[in-house]
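K.L.:
any chance you could fold what I've pasted below:
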Amino acid sequence: MSLVKFYRHRRSNMEEDDDYEEYVPVAKRRAIEAQKILQRKGKLSALEDELEKSKLAEAKPSLLVKASQLKRDQPEISHTEQIVQQEKEMIEHLSDRKTLMSVRELAKGITYTEPLLTGWKPPLQIRRMPRNQCDAIRKQWHIIVDGEDIPPPIKNFKDMRFPEPILKKLKAKGIVQPTPIQVQGLPVILSGRDMIGIAFTGSGKTLVFVLPMIMIALQEEIMMPIAPGEETLWFDHLSIKRAC
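P.N.:
The predicted structure is shown next:
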């Protein structure tokens, strides 16, 4: 057998052998092994970095822990002083009055200088109450006010001139004494003035706008009472309009 034929025969046997592995030089094998080792080291270093970061995160206190620490470090103040301080901060945040105006008012430059005409007036002795006495009542009730010609505070519902049925209903619900927001807020709204009232949940803010609405509805009823049959006629007209 010639050398060429032997070589071809050997090559065909190699191709038919499934277990054949190509010979890799020693230098190349070493280079591949070194690359694998470097890759493993890189993965280990990345894993070590993640573990280090997690340890630092665990060692660093959370915002909740910081807040509790700051709260412990602050000097203790009474509950009343805390309420006054928070209300003062809220009032300071409302220094920009334009944020309370509508887009139409801002665009057309509409401003209101006169209060709404409500026909309500407090008793004469309250209207003649001197300013220092009003300030003393506000200080007693921890009321902070800001504005011009602020109506005097009223310490009971009767002097606010609510009708007897309203007073009885309030008493039946266990509401016999106005809260601070009601002492000052109700006289302001009953006078037809604009007001921004800030108080905590459960302090009686809802009654401050609900009771004046009832008073306005009663006043409208007295000035223009609903005649018998008007409600029925209105419903009949509405039914006809819907049918059409």
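
K.L.:
give me the neighbour count for Arg193.
P.N.:
Residue neighbour count, defined by other Cβ atoms under 10 Å, stands at 18 for Arg193. C-beta coordinates here come from the backbone N, C-alpha and C atoms, glycine included.

K.L.:
which non-adjacent residue is nearest it?
P.N.:
Of all residues beyond its chain neighbours, the one nearest Arg193 is Pro115 (4.9 Å), with distances taken as Cβ to Cβ, 6 or more residues apart in numbering.

K.L.:
which of the three states applies to that neighbour?
P.N.:
Local secondary structure at Pro115 is given as coil here, using DSSP: H, G, I helix; E, B strand; the rest coil.

K.L.:
least confident secondary structure element in this structure?
P.N.:
For the chain, using mean pLDDT, DSSP states H and E, the weakest element among its helices and strands is helix 230-243, scoring a mean of 43.

K.L.:
measure Asn156 to Leu186 for me?
P.N.:
Using Cβ to Cβ, to the nearest Å, one obtains 11 Å as the distance from Asn156 to Leu186.

K.L.:
where do the contact lists of those two overlap?
P.N.:
With Cβ atoms under 8 Å, 6 or more residues apart in numbering applied, the overlap between the contact sets of Asn156 and Leu186 consists of Pro178.

K.L.:
more neighbours: those two, which one.
P.N.:
Taking other Cβ under 10 Å, Asn156 and Leu186 do not tie; Leu186 has more neighbours (27 against 11).

K.L.:
where does pLDDT dip in this protein?
P.N.:
Within the chain, the segments meeting pLDDT under 70 span 1-24, 38-62, 90-100, 226, 229-244.

K.L.:
if we go to 80?
P.N.:
Under the criterion of pLDDT under 80, the regions of the chain flagged as low confidence span 1-80, 82-84, 86-102, 112-113, 115, 223-244.

K.L.:
my guess is the residue nearest to Arg193 contacts Ile189. True?
P.N.:
No. In this structure, Pro115 sits apart from Ile189 without contact. The criterion is Cβ atoms under 8 Å, and the distance is 10.0 Å.

K.L.:
who has more neighbours out of the two?
P.N.:
Remark: of Pro115 and Ile189, Ile189 carries more neighbours, 22 against 13, as counted by other Cβ under 10 Å.

K.L.:
can you pull the contacts of the residue nearest to that one when sequence neighbours are not counted?
P.N.:
Counting by Cβ to Cβ, 6+ apart, Ile189 lies nearest to Pro212, which is 4.5 Å off, once chain neighbours are set aside. Taking Cβ under 8 Å, 6+ apart as the contact definition, Pro212 lies against 118, 186, 189-190.

K.L.:
can you put these in CSV and add distance to Lys71 and secondary structure?
P.N.:
As requested, the contacts of Pro212 are arranged in CSV below (distance: Cβ to Cβ, whole Å; DSSP: H, G, I helix; E, B strand; the rest coil):
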residue, distance to Lys71, secondary structure
Thr118, 45, coil
Leu186, 35, helix
Ile189, 37, helix
Leu190, 40, helix
